[in-house]
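1. Sequence first, then the predicted structure:
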Amino acid sequence: MTRIMVVGGGIGGAAVALGLHKAGFEVTVHEAHPDGGDDAGAFLTLASNGMRALAQLDAAAPVNGLGFPLRTMSVLDEDGRQLATVPLGEHDHAPTRYRCLRRAELGEALRAEVRRRRIPLRHAARLTGLTESSGGVTVRFADGGTAHADLVVGADGLHSAVRSQLDPDGDRPQYAGQRVFYGYTADAPAPSGGPEDRITMIRGSGAAFGYAHSPDGEAYWFARVPGPPASAEELAGTGPDGWREQLLALLRPDRTPAADIVAATTDRLMVTNARHLPPGGRWRGRRTVLLGDAAHAASPATGQGASMALEDAVVLAKALREAGPDGGPSAAAHEAALARYEALRRPRAEQNTVTSARLTASRTDRRSPAGAPPRDSERPAPGVDEELLRLLDWDTPLPPAGLPA
């Protein structure tokens, strides 16, 4: 049986381990962090495409118990005028509604499913070297240990050690032009009127702001602020009080709920620099392949990072399954499967990267005319993409690379 090592035990790594195990491979997961390794403070939205991918991995049920659904999106201008209210994705289909949840909760739910299926998961296993040969891949770890596999999947995130081994001269993550603030508060006024299960996007004069209230009244919010990156000293030394005052100075001139929500946030307020990978980097070797942020990290403007990684997991597992899991496939067959995965995934993933970079670079300080339609950054993905549905469906064979699904 083909032995596949997944490097990275976060969202993408756990998901692809589930897919490869379902496809019949012998899978192990190696995670660098001693515990989960997820950003405990961050939250995300899983779009309908991400929820569909989870269902194909038989992992939707545990995730549906986390966070809360989002069915609509409202768009406000800096004066608080409502510009639009639009449905989000497959809003009328409960299993595939958008879902807002903490990143750490999603990662741990997927790792719990990995453990439940008895897939070996090793923590504190930091990769330091990788060598491909005709007989497989040998991986070296910081503790001096080694491991061997027929194939290696690098799902180790933006600062991927697998990518640095696979493409040592390739581009490194770059600052995407925005600081991202995010936080939680149970003390902000609850929204009045409008649909339930709603996320509100604000075209602020100094920041792009978004917020949603959970069923128990807790506000989840983020702000994307253009400008220079926060230095390492700022990130280490500026606490929630300092970040709050910086952000409030940008939000207070507007007549929207944003400033009140941030003012009500106490210690649960965090800042990070948005980063991305330029498109065009190397995704694979003969026996090594990248997935999720390790291959195509985008800035957060489109909100598709986790969903794209889940799509990758399904398509890679299907491509390798169709090459055959049971010992017989040659190295050439596996290499062809990796090439097929890349050909099917790269255009869509890199289009998301390009779109997100364009949205991140767009100015946020221009006043919007009343009644203006939502910008691309505020438009939900189409409800159903038939080609994508066929690509993700576990029982539907993948199309030949380069042809429509």
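-> Cool, got the structure.

2. which of the residues in stretch 184-203 are buried?
-> Of all the residues in stretch 184-203, those buried under the rule 16 or more other CB atoms under 10 Å are Y184, T185, A188, P191, D197, R198, I199, T200, M201, I202, R203. C-beta: built from backbone N, CA, C; applies to glycine.

3. My error: substitute stretch 80-96 in the last question.
-> R81, L83, L88, G89, E90, H91, T96.

4. How about V289: which residues does it bridge to?
-> According to DSSP bridges, the partner residues bridging V289 are V153, R284.

5. That one: neighbour count?
-> A count of nearby residues for V289, using other CB atoms under 10 Å, gives 30.

6. re earlier: strands - which of the buried residues of stretch 80-96 land there?
-> Within those, residues falling in strands by DSSP state E are L83.

7. Export the buried residues of stretch 80-96 to a markdown table and append columns for pLDDT.
-> Output for the buried residues of stretch 80-96, formatted as a markdown table (pLDDT from 0 to 100):
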| residue | pLDDT |
| --- | --- |
| R81 | 95 |
| L83 | 95 |
| L88 | 93 |
| G89 | 89 |
| E90 | 88 |
| H91 | 85 |
| T96 | 92 |
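
8. Can I get the buried residues of stretch 80-96 in JSON lines including distance to D260?
-> Shown next, in JSON lines, are those (distance: CB to CB, whole Å):
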{"residue": "R81", "distance to D260": "17"}
{"residue": "L83", "distance to D260": "20"}
{"residue": "L88", "distance to D260": "24"}
{"residue": "G89", "distance to D260": "29"}
{"residue": "E90", "distance to D260": "32"}
{"residue": "H91", "distance to D260": "28"}
{"residue": "T96", "distance to D260": "33"}
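
9. got the residue ranges for the strands in the stretch 201-350 of the chain?
-> Using DSSP state E, counting those that start in this stretch, the strands of the stretch 201-350 of the chain run over 208-213, 219-226, 269-276, 288-290.

10. residues in contact with the closest residue to H296 other than its chain neighbours?
-> Spatially, and ignoring its direct neighbours in sequence, H296 is nearest to A349 (4.1 Å; CB to CB, 6 or more residues apart in numbering). A349 sits next to A295, H296, M308, D312 when contact means CB atoms under 8 Å, 6 or more residues apart in numbering.

11. how about L44, phi and psi?
-> phi -150, psi 170 (degrees, to the nearest 10).

12. nope, D167 is what I meant
-> Torsion angles, degrees, to the nearest 10, at D167: phi -140, psi 70.

13. did I read that right, L54 in a helix?
-> Yes - assessed by DSSP: H, G, I helix; E, B strand; the rest coil, L54 belongs to a helix.

14. Could you check how many residues crowd around it?
-> Neighbours of L54 (other CB under 10 Å): 30.

15. so which of the strands of the stretch 201-350 of the chain gets nearest G19?
-> Nearest to G19 among the strands of the stretch 201-350 of the chain is strand 288-290 (13.0 Å), distances taken as CB to CB.

16. elements contacting the closest one?
-> strand 151-154, helix 161-166, helix 331-361 (3 or more CB pairs under 8 Å, 6 or more residues apart in numbering; DSSP states H and E).

17. Tell me the buried residues in the last one?
-> When you say that, I think you mean helix 331-361. 331, 334-338, 340-345, 348-350, 352-353, 355-357, 359-360.

18. Moving C-terminal from it, which element do we reach first?
-> Moving toward the C-terminus from helix 331-361, the next helix or strand (DSSP states H and E) is helix 386-392.

19. for the stretch 301-405 of the chain, what are the low-confidence residue spans?
-> Within the stretch 301-405 of the chain, the ranges that satisfy pLDDT under 70 run 325-329, 363-384, 401-405.

20. change it to 90
-> 324-332, 358-386, 400-405 (pLDDT under 90).

21. got it, and the stretch 101-250 of the chain?
-> Regions of the stretch 101-250 of the chain meeting the criterion pLDDT under 90 cover residues 134-135, 189-196.

22. How are the helices of it distributed by residue range?
-> Taking DSSP state H, counting those that start in this stretch, the helices of the stretch 101-250 of the chain run over residues 103-116, 161-166, 232-237, 240-251.

23. In a markdown table, list these along with mean neighbour count and distance to F25.
-> Below are these laid out as a markdown table (neighbours: other CB atoms under 10 Å; distance: least, CB to CB, whole Å):
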| stretch | mean neighbour count | distance to F25 |
| --- | --- | --- |
| helix 103-116 | 20 | 13 |
| helix 161-166 | 22 | 18 |
| helix 232-237 | 11 | 40 |
| helix 240-251 | 17 | 44 |
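
24. among these, which is nearest A23?
-> Per CB to CB, nearest to A23 of the helices of the stretch 101-250 of the chain: helix 103-116, 14.5 Å.

25. next one: that closest one to chain centre, how far?
-> Put simply, helix 103-116 sits 15 Å off its chain's centre (CA atoms, centre = their mean, to the nearest Å).

26. Likewise for stretch 284-292?
-> Counting by CA atoms, centre = their mean, stretch 284-292 is centred 18 Å from the centre of its parent chain.

27. Stretch 218-228 now?
-> So, by CA atoms, centre = their mean, the centroid of stretch 218-228 is 17 Å from its chain's centroid.

28. Now tell me what touches it from outside.
-> Outside stretch 218-228, the residues touching it (CB under 8 Å, 6+ apart) are 43, 100, 177-186, 188, 204, 206-214, 247, 250-251, 258, 261-262, 264-265, 274, 300-301, 360, 363-364.

29. Going by neighbour count, which of those are buried?
-> 43, 100, 177-185, 188, 204, 206-213, 247, 250-251, 258, 261-262, 264-265, 274, 300-301, 360, 364.

30. Against which helices or strands is the biggest strand by length in the chain packed?
-> As assigned by DSSP E, the longest strand anywhere in the chain is strand 174-185. Contact here means 3+ CB pairs under 8 Å, 6+ apart; on that basis strand 174-185 packs against strand 219-226, helix 240-251, helix 258-263, strand 269-276, helix 331-361.

31. In TSV, list these along with distance to R321.
-> Shown next, in TSV, are the helices and strands packed on strand 174-185 (distance: least, CB to CB, whole Å):
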stretch	distance to R321
strand 219-226	37
helix 240-251	46
helix 258-263	46
strand 269-276	31
helix 331-361	9
